[in-house]
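[1] Have a look; sequence and predicted model below, questions after that.
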Amino acid sequence: METLPARARGYVACAALAAALCLLPAPSARPPWWAVALLAALYAGGGRVAARGRLSGTFYPVLLAGAFLLPPSAAALVAVPGALLGPVGRPPRGTRRLWRAAQLVLAVRAAAEVYAALGEPGPVTAAEFPGALAAAGAAVVAFCLVLTLLDGGILALAERVPARRAWRGLFPRSLAPIAVHGLAGLMMAVLWQSPYGPVAALLVLLPMCVSWWVFGQYHREHAAHQATIRALVQAVDIKDGYTRGHSERVGHASMMIARELGLEDERVEVLRFAGILHDVGKLGVPTRLLRKDGPLTPEERRIIELHPEYGHEMVRGISFLGEARAAVLHHHERLDGSGYPYGLRGSQIPEPARVVAVADAFDAMTSTRSYSRARPVPVALRELERCAGSQFDPRMVTALVRAVRRFGWHPAVTADETGAPPPRPPVSSAPGAHR
Amino acid sequence: MTAPRPPLLLGCVHTGAALLAGLSLLDCLRDGLDDRGTAVAFGALVVLGELTRRPGAEGRETAPLGAAAALSYALLGEAGGQATHHGVTQVVGVVLAASLLGSVPHIAQGRPVRDHLARRVLTTGFAAVCLHPLYDQGALHGRGTAYALLLAAVLALTFLCDALLAAALAHSRTGWPFGPLLRDELRATLGIGSAVCATGAVTALAVAVVGLWALPVFSVPLLLTQMSFRRYAAVRTTYRQTIASLARATEIAGYTPAGHARRVAALSREVGRDLGLSEAELTVLEYAALMHDIGQLSLVDPVPAGATARLPAEEQRRIALLGGAVVRQTGVSPQVALVVERLADPCAEQPVAARIVRAVNAYEEKARDAGPGGALKALEELRLGTAGEYAPEVVGSLARVLSRDGLSMPVAG
């Protein structure tokens, strides 16, 4: 996927050509070059600092302030150095830089044209402010519209996302953050033209920077948190080699079922955690029992069957897990009431527990254990369908069957993309899945 | 909690704030309000900020919107191109009234608000006193960029004073060392404080140019910052809960007695606080203390009662290294893993956090099964401990912390 399809190249080239036309100044315009240079330097410098300090966010307020302050072609020029020089994530880097510059130039030009058409030129006074606010609002909408239109196009052409999915939700999602940037940009422009000058305008950026910094911290802490959840699972792996990778795969299967059932994103995420953590209580089972080859005595079986309760005891203090905690406790209940620990039946069993039970059984059947060899996926699904109604909730089984038919079952590949921080390989990259 | 000595400073600060507040309110009531619309608008913003306030960690600025609104009102010299006429007393009076109004729900729920109000009154008064004489003399008229810079400087100074005040209040309430408290306050000021400063200054300037329209426009970015901070705090909380659960793994697995990790972490934090560690170092210490036994998960058979302090040194070191390996997987900062790895080293080579966790862990294990009077005996054993095992300054600090809390460590059940 590193090489762009020809259609995408053509698309980028067209956008770049249009952007170049946008940069041509109107013959009569005489933009204040020092302001253009200052804003462009601010945008480029801000982008570099943000990348180094791992801040998240872009300096759109600077671009929008330019759109409100300068003639359209000069405003578009502000974006160019920052977009061309700024760091990009993946190759092909040159094309990506060109694309970003073209996109921003077109968007800023559109915003500046709208503002110039609706707003009054010159410094804004108290009486004119409502008008300026309305003009800025329209300019922000134009900016956001151009950005998302172009974005959707490149998604459809380069990443081969179906056209309807590429554009769906893109505009409403990005409008709110860009509107906040627009407010900051408007204030920058107002103060820039006031007697207090550009210094006062720069102060506007400080709260935005702090906000981005906190946001970056949040993401770092979030990643660390995910890693800790994995560590909890790895603690089980230390004791029981056979479960290696099992937890991640059950998490993945639970997520597939939840998506298929059409649950909200938040519950899907909780169910993924429920799957990952379902066996965490095995920590409380003596290592000798977990590693024992051969049949277990009834006494030993009773001890192993305590693990859902141990697991619940461990995770009950983690408030964000919510209903996942119930899933940890009840994932060995059966629909006919013959499961453990409480022998709940039917709808008494919490929904997340019914999801995890199916996912758990599916992965147990499709991976090799000490007592059985891995079965092929279709055989396992047929077995699940056979037990639906007595042991498993038929809704969950049907959902899994449909999801596997649609997306296939690639646990070793898919478990990698669940958001583990890059330096640490996730659990399931161990060869356990193929043993 | 009873403070070790009468908090004289606390009384002084509260009295000072109350005096200033009383005088200002009297003055306002006698003379009435100038520029009523402006006063009401800023007052409303302060009320909004106070209503969205959440109780935060140890008196950090938790109502950034309220603080920014109060400060920008203190700095306001013009509104929409017209000079304003409100004086210092009106600034303090309006801010106080609005803060009180916004604090009603907090008071109703029984949260402490006195420190918060005292700080708000004093800092607002400070900023107003710095600038208003200059306005009254007309020295600032038509000074453009220099004026903007002056505002920013005054606000930075104000926040410095606020950090001093907050650290002093915390010191006199808790008896923790002043230096580290001030350092933590200043560090916190760099984050949200600088955002509040900049917003306060910019709002005052923007109101001067375009009038009261600037208020709603400017609250939005700051509200956003406030939201980011809150999400950050939330993820930190769940993170801590997860670490605590991971720490309980050894208890569930039957390697250590219930509650051991939690007690060691709480006591280590107290000792670290007493020794003057910063907030960031305390977090590392707390996580390391929570996970100090995690290496035992790698053992096939549990150590009797999880009492590692009685194992041979070589075995202790092996468990510590295994623990460090597990901690490295968890995504906590590598410093935590380093502390856990070094737990069993001779104390001269250990980082401070490792010394603390080691001594506190040994104390907890010894005091746990010694019955009544066990606490004193355990402490005595640590003092006499073979040379280089437990750091004397840590044991001394542990004794101080324990005597302050009345040796009230819960005995393991």
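    Okay, I see it. Numbers count the residues shown, from 1 in each chain, chains lettered A, B, ... in the order given.

[2] the domain parsing of chain A - what is it?
    What automatic domain parsing lists as the domains of chain A is A:6-195, A:220-434.

[3] Relative to chain B, which of the ones you listed is closest?
    Ranking the domains of chain A by proximity to chain B (Cβ to the nearest Cβ) places domain A:220-434 first, at 2.6 Å. Placement of C-beta: from N, CA and C, glycine included.

[4] wait, does that closest one contact chain B?
    Yes - using Cβ under 8 Å from any Cβ of the partner chain, domain A:220-434 comes into contact with chain B via A:221-232, A:234-235, A:238-239, A:280-281, A:283-284, A:286-288, A:310, A:313-315, A:317-320, A:421, A:424.

[5] Reformat the domains of chain A as TSV; add mean pLDDT and mean neighbour count.
    Formatted as TSV, the domains of chain A follow (pLDDT from 0 to 100; neighbours: other Cβ atoms under 10 Å in any protein chain shown):
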stretch	mean pLDDT	mean neighbour count
domain A:6-195	85	19
domain A:220-434	81	19
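
[6] Narrow the residues of domain A:220-434 next to chain B to those in helices?
    A:221-232, A:234-235, A:238-239, A:287-288, A:310, A:313-315 (DSSP state H).

[7] quick one, helices of the stretch 51-200 of chain B?
    Secondary structure of the stretch 51-200 of chain B (DSSP state H, counting those that start in this stretch): helices located at B:64-75, B:88-108, B:114-136, B:144-174, B:178-188, B:194-210.

[8] just the angle between the last one and helix B:114-136, please?
    In other words, helix B:194-210. Inter-element angle recorded for helix B:194-210 and helix B:114-136: 40 degrees (by axes from the mean of the first three to the mean of the last three Cα atoms, to 10 degrees).

[9] pull the CA atoms of helix B:194-210 into PDB?
    Extracted as PDB, the C-alpha positions of helix B:194-210 are listed here (Å, rounded to 0.1, in the frame of the first residue of the first chain):
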ATOM      1  CA  SER B 194      -0.200  29.600  32.100                       C
ATOM      2  CA  ALA B 195      -3.400  28.900  30.200                       C
ATOM      3  CA  VAL B 196      -5.400  30.800  32.800                       C
ATOM      4  CA  CYS B 197      -2.900  33.700  32.800                       C
ATOM      5  CA  ALA B 198      -2.900  34.100  29.000                       C
ATOM      6  CA  THR B 199      -6.700  33.800  28.900                       C
ATOM      7  CA  GLY B 200      -7.100  36.400  31.600                       C
ATOM      8  CA  ALA B 201      -4.800  38.900  29.900                       C
ATOM      9  CA  VAL B 202      -6.300  38.300  26.400                       C
ATOM     10  CA  THR B 203      -9.800  38.500  27.600                       C
ATOM     11  CA  ALA B 204      -9.100  41.900  29.300                       C
ATOM     12  CA  LEU B 205      -7.500  43.200  26.000                       C
ATOM     13  CA  ALA B 206     -10.300  41.700  23.800                       C
ATOM     14  CA  VAL B 207     -13.000  43.300  26.000                       C
ATOM     15  CA  ALA B 208     -11.200  46.600  25.700                       C
ATOM     16  CA  VAL B 209     -11.400  46.300  21.900                       C
ATOM     17  CA  VAL B 210     -14.700  44.700  21.000                       C
END
